[in-house]
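A.B. asks: I would like the atomic coordinates for the input below:
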Amino acid sequence: GPGRVRPDPPRDGGVRRGARERHQALPRPGEGNLEHAKQQLDEVRALAMDLLPVVEAKKALRGGSFAGVMEEYAEGLLFYWFLKESRLASMDEAQPVNATEYLGGVLDLTGEVGRYAVARATKRDVAAVKLCQDIVDRVVGQIMALDSLPGHIYKKLDAARGTLRKLEG
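C.D. replies: From the prediction side, this is the model:
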């Protein structure tokens, strides 16, 4: 009404709220219909592209909620392409994800691939389990070959190595 005071718009342009909502809605391609998961991934990408000008204008926002959602988005997109075409999406395909977010997403993907391998093993799908092991081995090997990594990536790399050990065992 006329006597109500409207709150000021959030200083972050809605990045935190949008990031939180999208984090909760991220697809889990292994749980059902791949095309539905792709639609959700496309929605996350569209929201991220809408928020990108705000994030680029306030650099501190990139390292917070937005980066977390972009890592989750990368993981979901990578898992989608792994299930659909037995390949990893490139960083270009994962735009607007940056290099650090992509690395985090790739390393988080290894956990999803490990769980998928267990599910395929219960169905005696040896070829799928071997593909999972190969993907995780390739990811771990390529990331270990990089010279310098952001701090949180080392923790994720340790988890990915653990997944690889389980797949090899």
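A.B. asks: hey, let's count contacts and neighbours off CA atoms from now on
C.D. replies: Noted.
A.B. asks: For the protein, just list every one of the strands.
C.D. replies: Applying DSSP state E to the chain gives no strands.
A.B. asks: where are the low-confidence patches of it?
C.D. replies: For the chain, applying pLDDT under 70 flags the ranges 1-32.
A.B. asks: what about the residue most central in space within it, distance to Gln39?
C.D. replies: By Cα atoms, centre = their mean, the chain has its centre lying nearest to Glu75, at 2.3 Å. Noted for Glu75: a distance of 15 Å to Gln39, by Cα to Cα, to the nearest Å.
A.B. asks: And for Ser86?
C.D. replies: 19 Å.
A.B. asks: Pick out whichever of these two has more residues nearby.
C.D. replies: With neighbours defined as other Cα atoms under 10 Å, Ser86 and Gln39 compare such that Ser86 has more, 15 against 12.
A.B. asks: got the contact list for that one?
C.D. replies: Taking Cα atoms under 8 Å, 6 or more residues apart in numbering, we find Ser86 in contact with Leu131.
A.B. asks: rewinding a little: skipping adjacent residues, who's closest to the residue nearest to the centre of the chain in space?
C.D. replies: Gly105 (4.2 Å; Cα to Cα, 6 or more residues apart in numbering).
A.B. asks: Can you verify my assumption that the one you found contacts Ala74?
C.D. replies: Yes - in this structure, Gly105 is within contact of Ala74 by Cα atoms under 8 Å, at 4.9 Å.
A.B. asks: These two: who's more crowded?
C.D. replies: Ala74 (31 against 27).
A.B. asks: thought Ala117 was touching Cys132?
C.D. replies: Yes - if you go by Cα under 8 Å, Ala117 and Cys132 touch, sitting 6.0 Å apart.
A.B. asks: And these two? Which one has more around it.
C.D. replies: More neighbours surround Cys132 than the other of Ala117 and Cys132, with 25 against 22 (other Cα under 10 Å).
A.B. asks: Quick check: the more buried one vs Glu168, distance?
C.D. replies: From Cys132 to Glu168 the distance is 10 Å (Cα to Cα).
A.B. asks: before we move on, what about Val118?
C.D. replies: For Val118, the distance to Glu168 - Cα to Cα - is 12 Å.
A.B. asks: For this protein, which segments count as helices?
C.D. replies: Assigned by DSSP state H, the helices in the chain fall at 15-24, 34-57, 65-85, 99-122, 126-144, 151-168.
A.B. asks: got the phi/psi numbers for Lys123?
C.D. replies: phi -100, psi 10 (degrees, to the nearest 10).
A.B. asks: what about it, neighbour count?
C.D. replies: 10.
A.B. asks: mind listing what it touches?
C.D. replies: So Lys123 contacts nothing (Cα under 8 Å, 6+ apart).
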